[in-house]
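Colleague: Provide a 3D model corresponding to the input given below.
(2 chains)
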Number of protein chains: 2
Amino acid sequence: MNPISTPGNIPSDLVADWQTLHRVFIRPEDEKSRQTLIKYMEQILFGLHEFLNSHVGVTEAIPLATLAKSYTDTTIRREPEKKLADVIKDIINEIAPRAVNVASPYFIGHMTSAIPFFMVHLKAITAALNQNLIKLETSKVLSVLEKQVLAKVHRMVYNREPAFYDTHVQNVDTCLGLFTNGGTTANITALWVARNQCLPATGNFAGVEQDGMAAAMKAHDLERLVVLVSERGHFSLKKAGGILGIGNRNIIAVGVNKQHQIDMNELTRQVEAFSQNKKIKIAAIVGIAGATETGTIDPLPEMAHLCRTHGIHFHVDAAWGGPVMLSEKYAPLLDGIREADSVTIDCHKQFYMPMSAGMVFFKDPAALDRIIYHAGYVNRKGSVDLGIKTLEGSREASSLILDSALKIMGSQGYALMIEHGIDTARLFAQKIKDRDLFQLVTIPVLNILTYRAIPPALKQQMDAGVTPARQQEIDACLDQINTDLQRIQREAGKSFVSRTCLKIHPADAYTAVVLRSVIMNPYTNGSILDQILDEQEEILQSLQISTDLKPHT
Amino acid sequence: MNPISTPGNIPSDLVADWQTLHRVFIRPEDEKSRQTLIKYMEQILFGLHEFLNSHVGVTEAIPLATLAKSYTDTTIRREPEKKLADVIKDIINEIAPRAVNVASPYFIGHMTSAIPFFMVHLKAITAALNQNLIKLETSKVLSVLEKQVLAKVHRMVYNREPAFYDTHVQNVDTCLGLFTNGGTTANITALWVARNQCLPATGNFAGVEQDGMAAAMKAHDLERLVVLVSERGHFSLKKAGGILGIGNRNIIAVGVNKQHQIDMNELTRQVEAFSQNKKIKIAAIVGIAGATETGTIDPLPEMAHLCRTHGIHFHVDAAWGGPVMLSEKYAPLLDGIREADSVTIDCHKQFYMPMSAGMVFFKDPAALDRIIYHAGYVNRKGSVDLGIKTLEGSREASSLILDSALKIMGSQGYALMIEHGIDTARLFAQKIKDRDLFQLVTIPVLNILTYRAIPPALKQQMDAGVTPARQQEIDACLDQINTDLQRIQREAGKSFVSRTCLKIHPADAYTAVVLRSVIMNPYTNGSILDQILDEQEEILQSLQISTDLKPHT
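Modeller: Numbering: from 1, shown residues only, chains lettered A, B, ... in the order given. Sure thing, here's the model as predicted:
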């Protein structure tokens, strides 16, 4: 028995029958309904965010627990509950106001932001065509277009000679990169290729992909396979270690310098130590180009040099920072990325595409041969099918969206947005420094910065010097203040910054709570940033931090 | 130096400047353009497929190689190349006619088909809201809605008692399932959980997720970890074995019976043999509910019983067949699925959603605790953030689309489509049997069947009995005929069936080329199927199969 119930209160005209079904597939009910649906689409396209209230909505009037109570019915109804027009009306009136207005210029807490309105058009087109990029037989020209777009972005990253691109852009035997559903899958794919590269077939052993990690380690007489990345590395890298059978403890966090870049001395020491132990192999070193928490860019040229010297796969996680290469002004920040063996770039971050799409690129057009899979009914050997060398199976045509966006905006359109983000973040940093209540924790190399509130009384004490025990009390107090500050501002719903934990100085034993800001919305400006800081100052005053340093909230 | 060039032929009004950029984010140029864009969206919504020619378009007039020549420019232009309206016009006029018309009722070759027109609306809404389900702070009500939708589908699959769903539907500590980007990621996730379950922490060993596969095998004194699935298993399972460090050779293909279901005798023998070897552990047995090539459903109750007896994780890959449970008529075909520890169901297959979305469910709401990952800035311990227990990172709100579709269609709406597919496939099977030129290879248990063409002269010879050497010649000839037949029909572009390779009888040494048909478009009917078979008969006649049995093409 299926748990499918027929409730009593359904309008009698909503019945699933064959005629209705055909109308649903081919055309919406009648001309009047069709016009209604167009009107709704107009709202979706040009006005949905107007339906969100002025709040950024992370937590508005209704608390989450109350909200959750409205979403507890777990039955699927037998007959239709609502017409499409009513479903859309409900989404606009009920869902949108309770969603998060990531498009607000006051939402400067996460890597999700406003997207150009035309992205909605392009996503709708992708859905209407509903091509499946896993194989040529369900995508045709889109497979060809995807190869072209990947070559364009590969060229942005690697800038190899034109003949290289002529050879590979439409070469069915080689692969410059992949579209994935996001940076996590891109990072997993890169480390998957790196893992397979350093555990190849030998003797009776067919290769790690075929025989697995345990057999691979035995065949290569190894005890550990490790990956090195700074402690600012994205958590997807640890996850990749777990998934790939490397073990997430073998994704080794290397310390950082004052700029939160990987500490090259420590990295070099570790690489040399591991290299002296024949039982340990380094599968990859990962450089970060735009750390999630701080926007930091690692010293890529030095890392590349170290990898080359030791013959180690060099992956660069540029999920966030990759598109900065479109800005002539700031592209030099990513110098050295060209020497990477693989590079992750997200589409739904600084390419301003809707959720969710990412890419991974390989310097060697044959690198992806290490993860080839075939099947009888698709992806046969020698076919053009793009699904042969992907972690994912069925995939939508994200390449059509990126290609169209590049044509509509030009690299200069993207550059303007990216430069605005970095310049505005630098302005924000200055505003933070100019206010007595705040401490800038990390400067915005890109468009991300961290800071924290420090009440003047505490600052004076710390400046004057305190005992370690006293410092511990102050640390705990500051964490509580900043946690409360972030929560209260979020709940007020006018603006949003996020929070994370960082060591203020690399040598600190203590990891402090800090506020984190990501500025990518072109409408975020100095005036808005002042309002956000003003609000934070008001909240701090309301906290009534007592003289014994324990905030009352 | 970025490879960004400025071509000479760009209209002078297309310049990326700050004003243009603001218009792009907030509103399209002016009221006139806005109306144009609405008109295009109307075409996208209700008419895009009218722009596709009458061909299904897998390979139309322009050969792929010629087409590829138009997609070789690998430079990203500095200034905008086109306005949005022109990009859309080009997609409608240039891309769509060269894409594959998967919405055609003559396209009966793959698991990609027409989708209800309202799915485009829903996808556009999802893009416009642009929520990121990785965390509550970028999704809020959508996180709550996602938990509800997952509970609804979990209930469709498992039908546990109502109190179970009351407990878990909005429980932030438990998880009934996940949305993924498709069945492949869902299968990987299920085997990931199964792998971690059977290699837990012991002594100094922290668990396979932490210490990796090699350490895990050593700690548990194992030489091999294996997964058993019939030879009809989807290739994503082998890929999962490779990715997870199990090794794809350890994803063991079990033979099938005449109905292409897993051979229970062979499976039982293998399980018992492996169980006697203390160095080998079975991580999971996978049952198929709707094999990709044949639509076969494995004997799930017997498999569940075997798994229970031996304490083995039972995964059911119902990527294709899952939604059949919405049909009261055909749901009994999936009896036994309720006993699975995990179940994969795709959204972009028989839930008729656009690319790409899938789901994976777990009987035990704590199962996903085995793959928990936290991060400092999101997904903190104790948070509602859904990204804690997913392979993927950022994710779009596919749940909103499925929830809306279930409300618009009712389970009965889906049931009608699914029953039409199965009933029409059975009609197709009869039509194939009724024609002398064809042999039905696998019957449609669901809406998938395979068959092949056998010219009467060859059929007579085989019926009369031939020597093994002669049979080999005939086999090769039949493969060539069916390969040519499929290709010629595809290239003619009026209709499309796919092809794969199968053993006609389980005991055969020879794997034959067969034609494969998937019927899920509600407009595919008997008349269309007759036309497709008529066309195939015409092609067969044109092949002029000579008396020495070697077809000339």
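
Colleague: C-terminal to the longest helix along chain A, what's the next element?
Modeller: If you go by DSSP state H, chain A has its longest helix at helix A:398-434. Next along the chain after helix A:398-434, taking DSSP states H and E as the criterion, comes strand A:438-442.

Colleague: Report all helices and strands that the longest helix of chain A contacts.
Modeller: helix A:118-129, helix A:141-158, strand A:438-442, strand A:448-453, helix A:526-542, helix B:18-26, strand B:76-77, helix B:84-90 (3 or more C-beta pairs under 8 Å, 6 or more residues apart in numbering or on different chains; DSSP states H and E). Where you see a C-beta, it was placed from the backbone N, CA and C, and this is true even at glycine.

Colleague: you'd agree A:Gly410 is up against B:Arg77?
Modeller: Yes. Counting by C-beta atoms under 8 Å, B:Arg77 is a contact partner of A:Gly410 at 5.5 Å.

Colleague: ok, the two, which is more surrounded?
Modeller: Neighbours per residue (other C-beta atoms under 10 Å in any protein chain shown) separate A:Gly410 from B:Arg77, with A:Gly410 holding more: 26 against 22.

Colleague: which ones are touching that one?
Modeller: B:Leu14, B:Ala16, B:Ile76, B:Arg77, B:Arg78, B:Glu79, B:Pro80, B:Glu81 (C-beta atoms under 8 Å, 6 or more residues apart in numbering or on different chains).

Colleague: let's see 10 Å
Modeller: Counting by C-beta atoms under 10 Å, 6 or more residues apart in numbering or on different chains, A:Gly410 makes contact with A:326, A:416, B:4, B:6, B:10, B:14-16, B:20, B:76-82.

Colleague: Considering those residues, which possesses the most neighbours?
Modeller: Highest count within the contacts of A:Gly410 by other C-beta under 10 Å belongs to A:Leu326, 28 neighbours.

Colleague: any idea of the pLDDT on it?
Modeller: pLDDT for A:Leu326: 98.

Colleague: wait, doesn't it sit right on A:Tyr352?
Modeller: No. A:Leu326 is beyond contact range of A:Tyr352, at 11.3 Å (criterion: C-beta atoms under 10 Å).

Colleague: in the stretch 301-450 of chain A, which ranges drop under the pLDDT threshold?
Modeller: A:376-382 (pLDDT under 70).

Colleague: which stretches of chain A have low pLDDT?
Modeller: Applying pLDDT under 70 to chain A picks out residues A:1-13, A:25-30, A:47-61, A:376-382, A:545-553.

Colleague: at 50 what do you get?
Modeller: Applying pLDDT under 50 to chain A flags the ranges A:1-12, A:51, A:53, A:547, A:551-553.

Colleague: next SSE after the lengthiest strand in it?
Modeller: When chain A is parsed with DSSP state E, its longest strand is strand A:280-288. With elements assigned by DSSP H and E, the helix or strand that comes after strand A:280-288 is helix A:300-310.

Colleague: Show me what that next one is packed up against.
Modeller: Packing partners of helix A:300-310 (3 or more C-beta pairs under 10 Å, 6 or more residues apart in numbering or on different chains; DSSP states H and E): strand A:224-230, helix A:264-276, strand A:280-288, strand A:313-317.

Colleague: Wondering if the helix or strand that the shortest one is followed by reaches chain B at all.
Modeller: With elements assigned by DSSP H and E, the helix or strand that comes after strand A:313-317 is strand A:342-346. Yes. Applying C-beta under 10 Å from any C-beta of the partner chain, one finds that strand A:342-346 is in contact with chain B at A:Asp346.

Colleague: Direction included, what does strand A:342-346 pair up with?
Modeller: strand A:313-317 (parallel), strand A:358-362 (antiparallel) (DSSP bridges).

Colleague: Return the distance of it from the chain's centre.
Modeller: Taking C-alpha atoms, centre = their mean, to the nearest Å, one finds strand A:342-346 lying 11 Å from the centre of the chain it belongs to.

Colleague: ok, back up a step: I'd like the strands paired with strand A:342-346 laid out as TSV, including mean neighbour count.
Modeller: Compiled in TSV, the strands paired with strand A:342-346 are given as follows (neighbours: other C-beta atoms under 10 Å in any protein chain shown):
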stretch	mean neighbour count
strand A:313-317	28
strand A:358-362	28
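
Colleague: would you turn those strands into CSV with distance to B:Arg232?
Modeller: Formatted as CSV, the strands paired with strand A:342-346 follow (distance: least, C-beta to C-beta, whole Å):
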stretch, distance to B:Arg232
strand A:313-317, 36
strand A:358-362, 31
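
Colleague: List just the one of those that sits closest to A:Leu368.
Modeller: Among these, strand A:358-362 comes nearest to A:Leu368, with 6.2 Å by C-beta to C-beta.

Colleague: Neighbours of the residue in chain A that chain B sits nearest to, how many?
Modeller: Of all residues in chain A, the one sitting closest to chain B is A:Gly245 (1.8 Å; C-beta to the nearest C-beta). Neighbour count of A:Gly245, defined by other C-beta under 10 Å: 33.

Colleague: and if you look at the one 5 residues further on?
Modeller: Neighbours of A:Asn250 under the rule other C-beta under 10 Å: 24.
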